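Asker: Whatever this is, show me its structure:
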Amino acid sequence: MAERMKVYLTEPITREVQELLGRQVDLVVETEAISKDRLLQRVADIDILFNKTDMSPVDCEVMEAAPRLCYIARH
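Answerer: Have a look, this model is predicted:
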C-alpha cells in the first residue's frame, strides 16, 4: 500500500472540509498562531502545505526545510 501524503494546514478550515481531506491524507492542522521556528519544524516531513495568512510566510528557508514538499497553496 502506498504511503499517504502528509498535508499541513497553518490554520483550520471548515470542519467538514477537514474531515473530507483527512479521509484521503494524513492531515496536520495548526490551531494557534505559528511562529517561523515552529513552521520550519512542522514542514520537515510534509508533502503539501496550505498556508492561510501572511503571518507565516513561505520563503526559501521554509522550502529548503521541507525536502518532501511538492505543493504550496494559500487557502
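
Asker: contacts, neighbours, all on C-alpha from now
Answerer: Fine.

Asker: Would you map the helices across this structure?
Answerer: 15-24, 36-42, 60-64 (DSSP state H).

Asker: okay if I get those helices as TSV plus mean pLDDT, distance to Lys6 and mean neighbour count?
Answerer: Output for these, formatted as TSV (pLDDT from 0 to 100; distance: least, C-alpha to C-alpha, whole Å; neighbours: other C-alpha atoms under 10 Å):
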stretch	mean pLDDT	distance to Lys6	mean neighbour count
helix 15-24	95	10	11
helix 36-42	92	11	14
helix 60-64	94	15	14
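
Asker: for those, which one sits closest to Glu30?
Answerer: Proximity to Glu30, assessed across those by C-alpha to C-alpha, is greatest for helix 36-42 (9.8 Å).

Asker: Show me what the closest one packs onto, helices and strands only.
Answerer: If contacts are counted by 3 or more C-alpha pairs under 8 Å, 6 or more residues apart in numbering; DSSP states H and E, helix 36-42 sits against helix 60-64.

Asker: sorry, back to before: okay, the helices of the chain in a markdown table with distance to His75 next?
Answerer: A markdown table is the format used below for these (distance: least, C-alpha to C-alpha, whole Å):
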| stretch | distance to His75 |
| --- | --- |
| helix 15-24 | 12 |
| helix 36-42 | 16 |
| helix 60-64 | 18 |
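
Asker: Tell me which of these lies nearest to Ala73.
Answerer: Each of the helices of the chain has some distance to Ala73 by C-alpha to C-alpha; the shortest is helix 60-64, at 12.7 Å.

Asker: Show me the shaky parts of the protein.
Answerer: 1, 53-56 (pLDDT under 70).

Asker: Tell me which residue lies nearest the centroid of it.
Answerer: Taking C-alpha atoms, centre = their mean, the centroid of the chain lies closest to Tyr8, which sits 2.0 Å from it.

Asker: Looks like it contacts Asp45 (just checking).
Answerer: No: applying C-alpha atoms under 8 Å, one finds Tyr8 not in contact with Asp45, separated by 9.7 Å.
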